[in-house]
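Peer 1: Below are the sequence and a predicted model; questions follow.
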Amino acid sequence: MDWFFPEGIYTIAMVGSFVLGAFALKLPIAIALAAAAAVGALCGGAGFPIRHLVEGTFGYLDTILIIASAMIFMKSVQRSGLLESLAARIIRLFRSMPLMLSLGLMVIIMIPGMITGSSTAAVLTTGALVAPVMIKLGVPAVKTAAAIAMGAIYGMIAPPVNVPAMIIGGGIDMPYVGFALPLLVCTVPLAVFSALLLVYPYLKKGAGDEEALEEDLSRMEETPLTAGLLMPVILLAVLMSGEQFLPSVWPPLGMPVNFLLAALSSLLTGKKYNFLEASREAVNDAIPVLGILMGVGMFIQIMTLVGVQGFIVVSVLALPAWLMYFGMATSIPLFGAVSAFGSASVLGVPFLLALLGLDEIMVGSALSLLAGLGDLMPPTALAGIFAAQVVGEENYFKVLRHCFFPAVVTAVWAVVVIMNANTIMGYLP
Amino acid sequence: MTLIYRAIVLFILLLVVACQFREKDFWKQTTAALVIIPLVLRLLMIK
Amino acid sequence: MKIKGTPLTALLLLALALSVSALAATEFKSMWTDDLFVPAPGFEKHMLSEWFDGLKGTPADNPVYIQKGEEPGGTVLILGGTHPTEPAGMMAAVLFLERAKVSRGRLIIIPQTNIMGYSHTSPQEAHPRSISFTTADGGKRTFRFGSRLTNTLYEWPAPDIYIHPASGQQLPGKERGNINRCYPGIPDGSPTEQMAYGITQLILKEKPDLSFDLHEASPEYPVVNAIVAHERSMELAAMTVMDLEDMGIAMRLEPSPKNLRGLTHREWGDYTETMPILMETGNPVQGRLRGRTDEKLALTGVDKAYVVASALGRLYIPYDGKQTIEYRAGRHTTSILAFLDNLDLLFDDKGVSVEGVPNLAELEEKGLGFFLSPAGR
C-alpha cells in the first residue's frame, strides 16, 4: 500500500480524467490529455503549474515543425498532379508481378523512414505515394493503411538511422556503431511478413474490374509524368540522402527545410495551384495531431513531476523474471502511446540495464523495435493516424485493428531476439 | 539557419491562427490554441 | 460535448494562448540571470574568451577563477557544472571556489562549465529551477538547476544526427548541446563545440598537471561512485582509490573507453598533456526510476522509488533511502583532496596545496550551506 499511495492514486486520476475527457465527454484527444495533465498536477499538490505545462510541449516542438512541413509537402504534390500520375505509372509497370510488387512496395514505404528515422516521414512521403496504387490494385483502404503504418515503423527501426536505438544506447553511453546488421535482423523478416500478410493476397487476386481500373488510370495520367513533374520527389530524395550520406559537405538543413523546399519546387511543375491555400489546408489536417503532441508533452512532464513516471517504471521492473519479457513487450509499446522516443528513453534504458549480460547492441536494437511499435498506440499512434489520413479513412482505429496481428508478431519477434541475443550475434559476421 | 527556422515557425504559426479563425468547432479552435503557445515562445526565442 | 466555434471564440482563445505564453515567458526568463559566486580571497576572475577570443560577447563566454599560491608548484583545474542536472559536481567546485586557500601551486576553477545549460530546464524532466542552501548566518544562497544540454535557443535547430568532428562518431542530434560529447571542440563549430574548444585551449596554454571534470550519474547506471581515468592518469587514480578505500569511501575505477569520443577523460588526454579525471556520484534526481521530482529530491536524494529499485537489486550504489548533496559533494571534495596529496607524492615539483575546503565528514556534520559565504559579503 505504501508503494501504491499516493503515486498510484495520481496515476488513476490522470489516466481516469483522460478517459473521461476523451471518451465520455468526447473532447478532442489533445484537450483530454492537457486536462488530464492539469488534473494530475492539481492532485499531486503542484497547483496549476504553467511553467511545467508549457515546458512539456517543447519536447515536441521540432516534431511539429517536421509534421507540419511534411503535410505541406504531401498536399503540394497532390495538387500538382504528381501523386496520381506516378501511381498510375507504377501500376502499369508492375501489375503482372504481384509478389515482387508487394515486397517492392514495402521497401518503398520503408526508405524515407530508414533515412530520416521518422515513421511520420515515411507515411507522409512514399506512403502517400503508394497508397493510391495499392487501393487501385484492389487492396482494401484500411489494409493499405495498415501496411503503410507497419512499413513506416520497420523503416524507422531499420538502419542506417534509428533514433530510439540511439536514445537507448545513449542512456548507457554505448555509441551508435555496429547496429546495422542487428537492426536488419529485427526488421527484414517482419517487413516481408507484413507485406505477404497485408498486401500480397489482394495483388494476386487482382482488382477485379479491369475496365474501371483502366478508366481510373487514364484519369490519373491526366498530368503527364515528365522528369519535371517528378522534380519535388527527386529533390526531396536528394536533400534527404545528401544530409545522411555526405554529412561533411552537405549543409544540415533538417527535415522541415527539406520538405518545404521540395513542396515549393512543385509550384514550377504540373497543375497550377495556390500554395498558401494548400499549406493552410495541410496545417488544418495536421492540427489534431500537433495538438495531441502538445497534450502528450504536458502529460509526460506532469507524470514526471508528481512521481507517476518512477512509479510505473519501477513497478514494471519489479515484475518477476518470467513476467519481465512479457512486461517489456507490453509496457514499451504501451508507453509509446505517449511517444516512441519517450518510451525508448523512459523504459528502454532501464530494461537494457536490467538485461546487461546479453549482447547490448542486439538487445538495444530489439528494444528499439518495441519502442517503434509505440507509434501504433493510441491516442498518439502517429503512424496509424497519418496512414489513415493518406488513404482517406476518417477513423484511425479501423486501421489499427489490422495492424494488431502484425504488431503482436513484431513484439514476439523482439522478445525472441532479446532472449537469443547472444546466439544471434554469434551468427552475424 | 536559426533565422530560417524562426521564419518556418512564423509561417506555421500564421497558418495555425488562420485555421483557428476559420474553424467552426470550439474544441478544435482550442486545440489550435495549444499549438500556438510553444510556437509563439520559440518565435520570440524565449524558450 | 459540441460547442460552436466562431471568430469571436477564436479571438478569445488566441488571447488566452498569448496570455499563457506571456506568463510562461516570465517563468522561463527568470533563469536568464547569472548566479552569484563569492570567491575566496586570492581568486582572480577571468573569462574563457581570454583563451579563445571567438567566445567574446557570446553566451558561451564563461567565468574562470584562478588562485596562485605563494610557493611554486603544479596547476590543477576543476570543472563543475559540465551537466547542470548534476548539482553535486557544481557544488563541489563552488566549495573550492569559496573556501580554498592555495599555499602552493595554482588552482583554476570553472564552477558552471556549460553555462549555456543553466539558463533553461529540459522539457519533460520536470526538474526544479534552482536549489537553495541556508548559510551559517541564516541567509540563503540559491543556484540554478539547469539542463544537461545547452539552452536549445543557442543550438537550434539541432541536426538529426550529431557527428563528432574529430572522430565521425554518430550520436542523436541533440547531443551537440552536451559539452561532454564535443571535446576537443572546434573553433568554428556550434556554440557548445566552440566552448569545448575554449576549454581545450585553456588546458593547452595553462598546462594544468591534473584536471577534474565533476559529474553525477543515475544510481541505476553502472558507472557511478566511480573515477574514470585516462591511461595517463591511471596510476595516480589507482593510488587515490586505495586511499579513499582506507577512508571508507568505496570507489570504482574505470579506464576511459577508447571508442567513446568527445568526453573529457578521453579527449583531454589525447589532445593535451594534462592528466584527466572524471568523477561520478549517485544522483537520484537525474535517474529514470525517480519518483516525485523537485528541489527536495535534488538536495536529499530521498526517493521511495529508489528504495524499491534498490531492494530489487537494480542499483549500482548502496542506497539507504537517501543521497544527500552533502554526501555527494563530499565524495567529490574528499576525492580531490586525496588526489592532491598523491599528486605531491608522485610528482615532487607539481604539488598543489589547498586548505579550508570541507571534506565529506565536515559537510555531513555541518551541512553544505554552512561552508558557503553569506550572500551579502
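Peer 2: Good, I have the coordinates. Predicted, not measured: the structure shown is a model, and the values here were computed from it.
Peer 1: Longest helix in chain B, please.
Peer 2: For chain B, the helix with the greatest residue count under DSSP state H is helix B:2-22.
Peer 1: Check which helices and strands that one sits against.
Peer 2: Judged by 3 or more Cβ pairs under 8 Å, 6 or more residues apart in numbering or on different chains; DSSP states H and E, helix B:2-22 is in contact with helix A:61-79, helix A:255-265, helix A:275-306, helix B:26-43, helix C:7-29. Yep, even glycine has a C-beta here, placed from its N, CA and C like the rest.
Peer 1: how about the residues of chain A that lie near chain B?
Peer 2: A:27-28, A:30-31, A:34, A:54-55, A:57-58, A:61, A:64-65, A:68-69, A:252-254, A:256-257, A:260, A:279-280, A:283-284, A:287-288, A:290-291, A:294-295 (Cβ under 8 Å from any Cβ of the partner chain).
Peer 1: Give the PyMOL command for selecting the buried subset of those.
Peer 2: Of these, the buried ones go into a single PyMOL selection, burial set by 16 or more other Cβ atoms under 10 Å in any protein chain shown:
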select buried, chain A and resi 27+28+30+31+34+54+55+57+58+61+64+65+68+69+252+253+254+256+257+260+279+280+283+284+287+288+290+291+294+295
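Peer 1: residue ranges with poor pLDDT in the chain?
Peer 2: I'll assume chain A. For chain A, the stretches with pLDDT under 70 are A:1, A:207-209.
Peer 1: nope, chain C please
Peer 2: Looking at chain C by pLDDT under 70, you get C:376-377.
Peer 1: any chance you could map the strands in it?
Peer 2: For chain C, the strands defined by DSSP state E cover C:43-47, C:63-68, C:71-79, C:101-110, C:130-134, C:140-144, C:161-163, C:170-172, C:210-217, C:226-229, C:252-255, C:275-282, C:353-355.
Peer 1: okay, these in JSON lines with mean neighbour count and distance to residue A:353 next?
Peer 2: Listed next are the strands of chain C as JSON lines, based on neighbours: other Cβ atoms under 10 Å in any protein chain shown; distance: least, Cβ to Cβ, whole Å:
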{"stretch": "strand C:43-47", "mean neighbour count": "14", "distance to residue A:353": "40"}
{"stretch": "strand C:63-68", "mean neighbour count": "20", "distance to residue A:353": "37"}
{"stretch": "strand C:71-79", "mean neighbour count": "22", "distance to residue A:353": "27"}
{"stretch": "strand C:101-110", "mean neighbour count": "21", "distance to residue A:353": "31"}
{"stretch": "strand C:130-134", "mean neighbour count": "17", "distance to residue A:353": "27"}
{"stretch": "strand C:140-144", "mean neighbour count": "19", "distance to residue A:353": "29"}
{"stretch": "strand C:161-163", "mean neighbour count": "21", "distance to residue A:353": "23"}
{"stretch": "strand C:170-172", "mean neighbour count": "21", "distance to residue A:353": "18"}
{"stretch": "strand C:210-217", "mean neighbour count": "27", "distance to residue A:353": "12"}
{"stretch": "strand C:226-229", "mean neighbour count": "24", "distance to residue A:353": "15"}
{"stretch": "strand C:252-255", "mean neighbour count": "14", "distance to residue A:353": "16"}
{"stretch": "strand C:275-282", "mean neighbour count": "28", "distance to residue A:353": "14"}
{"stretch": "strand C:353-355", "mean neighbour count": "16", "distance to residue A:353": "37"}
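Peer 1: Of all these, which one is nearest chain A?
Peer 2: strand C:170-172 (4.4 Å; Cβ to the nearest Cβ).
Peer 1: Which residues outside that closest one are in contact with it?
Peer 2: For strand C:170-172, contacts defined as Cβ atoms under 8 Å, 6 or more residues apart in numbering or on different chains pick out A:163, A:166-167, A:170, A:175-177, C:161-164, C:181, C:262.
Peer 1: same thing with stretch A:174-192?
Peer 2: By Cβ under 8 Å, 6+ apart, stretch A:174-192 touches A:103, A:106-107, A:110, A:150-151, A:154, A:157-160, A:162, A:165-166, A:169, A:360-362, A:364-366, A:368-369, A:406, A:409-410, A:413-414, A:417, A:424-425, A:428-429, C:169-171, C:259-261.
Peer 1: Repeat that for stretch C:316-325.
Peer 2: Residues outside stretch C:316-325 that contact it (Cβ under 8 Å, 6+ apart): C:87-88, C:91, C:131, C:219-222, C:224-225, C:250, C:281-284, C:298-302, C:306-307, C:309-310, C:364, C:368.
Peer 1: same thing but 7 Å
Peer 2: With Cβ atoms under 7 Å, 6 or more residues apart in numbering or on different chains as the test, stretch C:316-325 has contacts from C:87-88, C:91, C:219-222, C:224-225, C:282-284, C:299-302, C:306-307, C:310, C:368.
Peer 1: Now that we have those, which of them are buried?
Peer 2: Buried among those (16+ other Cβ under 10 Å): C:87-88, C:91, C:219-221, C:224-225, C:282-284, C:299-302, C:306-307, C:310, C:368.
Peer 1: Which of the three states applies to residue A:111?
Peer 2: Following DSSP: H, G, I helix; E, B strand; the rest coil, we place residue A:111 in the helix state.
Peer 1: Now for it, how many residues are close by?
Peer 2: 19 (other Cβ atoms under 10 Å in any protein chain shown).
Peer 1: what's the answer for the one 3 residues further on, then?
Peer 2: Applying the criterion other Cβ under 10 Å, we find 22 residues in the vicinity of residue A:114.
Peer 1: Just to be sure, it is in a helix?
Peer 2: Yes. Judged by three-state DSSP, residue A:114 forms part of a helix.
Peer 1: what's the distance between it and chain C?
Peer 2: 13 Å (Cβ to the nearest Cβ, to the nearest Å).
Peer 1: who touches the residue nearest in space to the middle of chain C in this structure?
Peer 2: Of all residues in chain C, the one closest to the mean position by Cα atoms, centre = their mean is residue C:81, 2.2 Å from it. By Cβ under 7 Å, 6+ apart, the contact set of residue C:81 is C:89, C:90, C:93, C:111, C:112, C:113, C:114.
Peer 1: Would you mind giving both backbone torsions of it?
Peer 2: Here is the backbone geometry of residue C:81 (degrees, to the nearest 10): phi 70, psi 30.
Peer 1: returning to what we had before: could you pick out which of the buried ones among the contacts of stretch C:316-325 are located in helices?
Peer 2: Those of the buried ones among the contacts of stretch C:316-325 lying in helices (DSSP H): C:87, C:88, C:91, C:299, C:300, C:306, C:307, C:310.
Peer 1: and the residue of chain B nearest chain A?
Peer 2: residue B:31 (3.5 Å).
Peer 1: For that residue, give its distance to residue A:295.
Peer 2: Residue B:31 sits 9 Å away from residue A:295, going by Cβ to Cβ, to the nearest Å.
Peer 1: Now for these two: what residues contact both?
Peer 2: Between them, residue B:31 and residue A:295 share the contacting residues residue A:30, judged by Cβ under 7 Å, 6+ apart.
Peer 1: Now do the host helix or strand of residue A:218: which elements does it pack against?
Peer 2: Following DSSP states H and E, one finds residue A:218 within helix A:210-220. Here helix A:210-220 touches helix A:82-94, going by 3 or more Cβ pairs under 7 Å, 6 or more residues apart in numbering or on different chains; DSSP states H and E.
Peer 1: Only the buried residues of the helix it packs on, if you could.
Peer 2: A:82, A:83, A:84, A:85, A:86, A:87, A:88, A:89, A:90, A:91, A:94.
Peer 1: Let's verify residue A:234: helix, strand, or coil?
Peer 2: Strictly by three-state DSSP, residue A:234 counts as helix.
Peer 1: That one and chain B, how far apart?
Peer 2: Distance, residue A:234 to chain B, using Cβ to the nearest Cβ: 22 Å.
Peer 1: How about the one helix or strand residue A:310 maps to and chain C, touching?
Peer 2: Element membership for residue A:310 (DSSP H and E) is helix A:308-317. Yes. Using Cβ under 7 Å from any Cβ of the partner chain, helix A:308-317 comes into contact with chain C via A:310, A:311, A:313, A:314, A:317.
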